[in-house]
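> pasting the structure only:
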């Protein structure tokens, strides 16, 4: 299973990242971070079903700090 979840330090950063990915034609969704991963984030993450590496690169290149990534089966 490949990584598909990006965790952030605030819901504001997660929303900003979602909008940034949308402008770059990458689908993502704002989701609650699974409880077992919540220690690393604010409680919200972005689920990115495709183009994960590209999405991560875009987010980081725009100065947004990522708290972690993970692979999840379903949310």
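Arrived safely. Model, not experiment: these values are computed from the prediction. Numbers count the residues shown, from 1 in each chain.

> need the helices for the chain, in chain order.
In the chain, the segments counted as helices under DSSP state H are 11-23, 52-61.

> Is it possible to get a markdown table of those helices that adds mean neighbour count?
Yep, even glycine has a C-beta here, placed from its N, CA and C like the rest. Formatted as a markdown table, these follow (neighbours: other C-beta atoms under 10 Å):
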| stretch | mean neighbour count |
| --- | --- |
| helix 11-23 | 17 |
| helix 52-61 | 16 |
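
> The ones you listed: which one's closest to residue 4?
Of all those, helix 52-61 sits nearest to residue 4, with 5.8 Å by C-beta to C-beta.

> Quick one: neighbours of the nearest residue to residue 3 once chain neighbours are set aside, just the number.
Spatial nearest neighbour of residue 3, chain neighbours left out: residue 69 (4.6 Å); criterion: C-beta to C-beta, 6 or more residues apart in numbering. Neighbour count of residue 69, defined by other C-beta atoms under 10 Å: 18.

> what's the answer for residue 9, then?
Residue 9: 15 surrounding residues under other C-beta under 10 Å.

> I figured it hits residue 67, correct?
Yes - in this structure, residue 9 is within contact of residue 67 by C-beta atoms under 8 Å, at 5.4 Å.

> returning to what we had before: from memory the residue nearest to residue 3 sits against residue 8, does it?
No - if you go by C-beta under 8 Å, residue 69 and residue 8 don't touch, sitting 10.7 Å apart.

> Show me how far stretch 39-53 is from its chain's centre.
Centroid separation between stretch 39-53 and its chain, computed with C-alpha atoms, centre = their mean, to the nearest Å, is 3 Å.
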